[in-house]
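Enquirer: sequence and predicted structure, then a few things I'm wondering about:
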Amino acid sequence: MRSFRTLDDLPAEQRVLVRLDLNSPVEDGVVQDNRRFSRHAVTVSELAETGHRIALMAHQGRPGRDTFVSLEQHADILAEHAGVDVDFVADTFGDETLAAVRDLDAGDVLLLENTRMTDDELPEKEPEEHADSDFVRTLAPEFDAYVNDAYSAAHRKHASLVGFPLRLPSYAGRVMQTEYEANTAIAEREFDGDVTMVVGGTKATDVIGVMEALDEKVDRFLLGGVAGELFLRAAGYPVGEDVDTELFDEQWDANEETIRSVLEERREQVTLASDLAYEDAEGERAEIDMDDIVEKTQAFLDIGSGTVADYEPAIRDSEAVFVKGALGVFEDERFSVGTVGVLEAIADTDCFSVVGGGDTSRAITMYGMAEDDFSHVSIAGGAYIRALTGEPLPAVELLIRSAERDA
Ligand SMILES: Nc1ncnc2c1ncn2[C@@H]1O[C@H](COP(=O)(O)OP(=O)(O)O)[C@@H](O)[C@H]1O
Ligand SMILES: O=C(OP(=O)(O)O)[C@H](O)COP(=O)(O)O
């Protein structure tokens, strides 16, 4: 079987460039601790304890969004989890970075600034083109090896994920290794009974894009979140737009055709919310039945409790349940009913269950559920559902190519 090299294969005393995924929720400018820090800390502390010189790359948010912030706070949170000092340089690949990298001693850890602050990072391009960018050409010669631990970003063809493996011997970090093994095994697993996928969250494009590829594997989709509102809009309800153009309008434009074709061809496979929740004039949670929504007046922030009651029996009758994305803005307790109700229903059954996504998996901890209540809690969202389709993840492919090239 084609595979990549891991930290077990990394020679001693290397100058290593490591890609993590520390992309986190940000509330009022404050980066929120989450599983991504504790999981990546395992790779970072192992590399530090074995005496490598370590520079870390990661991204945060997308340009133009509130969550697009510096990684300065991430360095402190990561240091706490890893039990080692993590220095930070507010530069991606300029002179300041090169000086700090050259200054590293054995066991030192340095976090570079948000990779998405360089223009070279973001466009989805072929690996060869990324490998030729100033970003990759400048940083790569400073290192002996590249380690990719960012399984949850492995579905993106960005420079820090697919460019470096063409220039450096490349290895999978511990998170990449364990997530890849777990998610590949899950993708290959066959279930006799019903398989349900709960689809929510804000990144509707990621999930809608793979729904058609998953229709053989998944018997029913239960919808909520932004993705659910886009489906409701296609079904003729006046919801799912005008609130935040990036969330709704842009994703509607990108996905309208696919949504309509999924609804046309597989209507019986897709269950939409029968009610939604919003914030009323007194600032309280209020609910409204879908059929009573006659015009667009407010933003909907959760599925309603009637929908949760509709979804519970479907979950109870399933042999496997996959969750991708929250069903509402669960960070605000008033709008946690959908996400928590569905997660608790899953935790109460003995079905095989996977909860994916940096944000969604955070709801488990926030609302007092245990990771053990689920078969697998992935810190990957988009990458894990893409893996379920059996389609290769670009960044994983590049790790494999690097191993084959050097064999
Ligand atoms: N109706 C909604 N409107 C706005 N945001 C929503 C809505 N429903 C869910 N969300 C948000 O979706 C986020 C999770 O989305 P996403 O990034 O797709 O998932 P993950 O990071 O878990 O893969 C949550 O933080 C939640 O606040
Ligand atoms: O958080 C991530 O993906 P996820 O929300 O699907 O888990 C990754 O960091 C990828 O980020 P992106 O979706 O802005 O490219």
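Expert: Ah, there it is. Ligands and ions are numbered 1, 2, ... in the order given.
Enquirer: all strands of the stretch 151-300 of the chain, in order?
Expert: Secondary structure of the stretch 151-300 of the chain (DSSP state E, counting those that start in this stretch): strands at 170-172, 194-199, 220-223, 270-271, 275-279, 285-289.
Enquirer: could I get these as a markdown table with mean neighbour count, distance to ligand 1 and mean pLDDT?
Expert: C-beta: built from backbone N, CA, C; applies to glycine. Shown next, in a markdown table, are the strands of the stretch 151-300 of the chain (neighbours: other CB atoms under 10 Å; distance: least, CB to the nearest ligand atom, whole Å; pLDDT from 0 to 100):
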| stretch | mean neighbour count | distance to ligand 1 | mean pLDDT |
| --- | --- | --- | --- |
| strand 170-172 | 27 | 21 | 98 |
| strand 194-199 | 24 | 10 | 97 |
| strand 220-223 | 24 | 11 | 97 |
| strand 270-271 | 20 | 16 | 98 |
| strand 275-279 | 22 | 8 | 96 |
| strand 285-289 | 16 | 13 | 97 |
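Enquirer: who wins for proximity to Thr349 among those strands?
Expert: strand 194-199 (10.6 Å; CB to CB).
Enquirer: I'd like the strands of the stretch 151-300 of the chain as TSV, with distance to Ser152 appended.
Expert: Output for the strands of the stretch 151-300 of the chain, formatted as TSV (distance: least, CB to CB, whole Å):
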stretch	distance to Ser152
strand 170-172	13
strand 194-199	17
strand 220-223	22
strand 270-271	26
strand 275-279	29
strand 285-289	31
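Enquirer: adding distance to ligand 2, write these out as a markdown table.
Expert: Formatted as a markdown table, those follow (distance: least, CB to the nearest ligand atom, whole Å):
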| stretch | distance to ligand 2 |
| --- | --- |
| strand 170-172 | 17 |
| strand 194-199 | 12 |
| strand 220-223 | 17 |
| strand 270-271 | 21 |
| strand 275-279 | 22 |
| strand 285-289 | 25 |
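Enquirer: next, count neighbours for Glu282.
Expert: 6 (other CB atoms under 10 Å).
Enquirer: among the strands of the stretch 151-300 of the chain, which is nearest Thr389?
Expert: That would be strand 194-199 among the strands of the stretch 151-300 of the chain, by CB to CB, at 11.5 Å.
Enquirer: name the strands paired with that closest one and say parallel or antiparallel.
Expert: strand 220-223 (parallel), strand 318-324 (parallel) (DSSP bridges).
Enquirer: turn those into JSON lines, columns for distance to Gln60.
Expert: Formatted as JSON lines, the strands paired with strand 194-199 follow (distance: least, CB to CB, whole Å):
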{"stretch": "strand 220-223", "distance to Gln60": "28"}
{"stretch": "strand 318-324", "distance to Gln60": "21"}
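Enquirer: Leu272: which of those strands is closest?
Expert: Comparing these by CB to CB, strand 220-223 comes nearest, at 5.5 Å.
Enquirer: quick one: that closest one to chain centroid distance?
Expert: Strand 220-223 sits 19 Å away from the centroid of its parent chain (CA atoms, centre = their mean, to the nearest Å).
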